[in-house]
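Student: what follows is a predicted structure for the sequence shown.
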Amino acid sequence: MSDVTSARLTITGLRAGYGAADVLNGIDLTVEPGRLTVLLGPNGAGKSTLLRCVMGLLKPSAGTIELDGTRIDGQSSAKVARAGIALVPEGRRLFGPEPIADNLLIGGWVSGRSKTQLEADRESMYERFPILGRRKKEAAASLSGGEAQMLAIAMALMARPRVLLLDEPSLGLAPKIVSEVMELAVDLARQGVGVLLVEQMVSKALAVADQVAVLGRGEVVASGTPAEVRADTAVAATYLGVAADA
Ligand SMILES: Nc1ncnc2c1ncn2[C@@H]1O[C@H](COP(=O)(O)OP(=O)(O)O)[C@@H](O)[C@H]1O
Ligand SMILES: [Mg+2]
């Protein structure tokens, strides 16, 4: 991943929903390259909806999404993927019966690179995640929760993203594995990727974040550094006090 070309993701005035009422009511958010931005907020606030919009899985009704100044909103998810955005969706969707090795290739196909290139990238995934290498011939469904999450992230990385969207990757994982996932997010950011991490583990996420945004009912109610967001006592009491890991 040392050859990441940095890209800034800029979301402006974004509105989107599933029917009559908008779920997102005008979101402004920037994900800087090389930084870990954590998106917090209660269930139903619209975090997954926002990630789906960025990935091109849901069409916004207003606003813009730009990657390094180029509009990507309204484009197909395949085009968005080729532009350099990858999403690890909630619930780590894998191709369970397929070998781990094939899951990795599937993750990379959207990038449009050749099989030879993908196979080379896959080797680097086996170096980064040795457990995937040792078990590459086994079905993805045989992995534990934490291992499956690592595979889901590795599949996204196979597309060589410039911006990586992670939707609650720590859900249901043991605390030690949660820390590993967060360390990986930090590590990827340090390599130049812009990482947007949706999290419920508030204190753990604030400890590793470069930037934080808090989403409440379809609006960004606070954003800044972790210290700035913590210092906003009204926001901290309403949105951070309910920390699952407090
Ligand atoms: N596929 C869908 N169809 C209709 N409503 C949805 C759909 N997905 C989510 N919603 C609604 O949109 C709102 C935001 O959901 P979501 O983005 O999943 O929130 P979060 O990820 O912050 O928990 C919720 O009220 C939810 O019920
Ligand atoms: Mg969600």
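Tutor: Ah, there it is. Remember, it's a predicted structure, so these values are computed and weren't measured experimentally. Residues are numbered from 1 along each chain as shown. Ligands and ions are numbered 1, 2, ... in the order given.

Student: quick one, helices of this protein?
Tutor: 47-55, 77-83, 100-109, 115-128, 130-134, 145-157, 175-190, 202-208, 226-231, 233-235 (DSSP state H).

Student: what about Ile72, how many residues nearby?
Tutor: 20 (other C-beta atoms under 10 Å). (C-beta placed from N, C-alpha, C; glycine too.)

Student: wait, it sits on Val80?
Tutor: Yes. Using C-beta atoms under 8 Å, Ile72 is in contact with Val80, at 5.3 Å.

Student: mutual contacts of the two, please.
Tutor: 54, 56 (C-beta atoms under 8 Å, 6 or more residues apart in numbering).

Student: buried residues in the helix or strand of the chain with the lowest mean pLDDT?
Tutor: Ranking every helix and strand in the chain by mean pLDDT, DSSP states H and E puts helix 233-235 at the bottom, with a mean of 83. When neighbours are counted by 16 or more other C-beta atoms under 10 Å, the buried residues of helix 233-235 are found to be Val235.

Student: which residues does the closest residue to Gly146 other than its chain neighbours contact?
Tutor: Distances taken as C-beta to C-beta, 6 or more residues apart in numbering put Ile177 closest to Gly146, at 3.6 Å, once the chain neighbours are dropped. For Ile177, the contacting residues are 145-146, 149, 170, by C-beta under 8 Å, 6+ apart.

Student: low-confidence ranges, the chain, go.
Tutor: Where the chain drops to pLDDT under 70, the residues are 1-3, 242-246.
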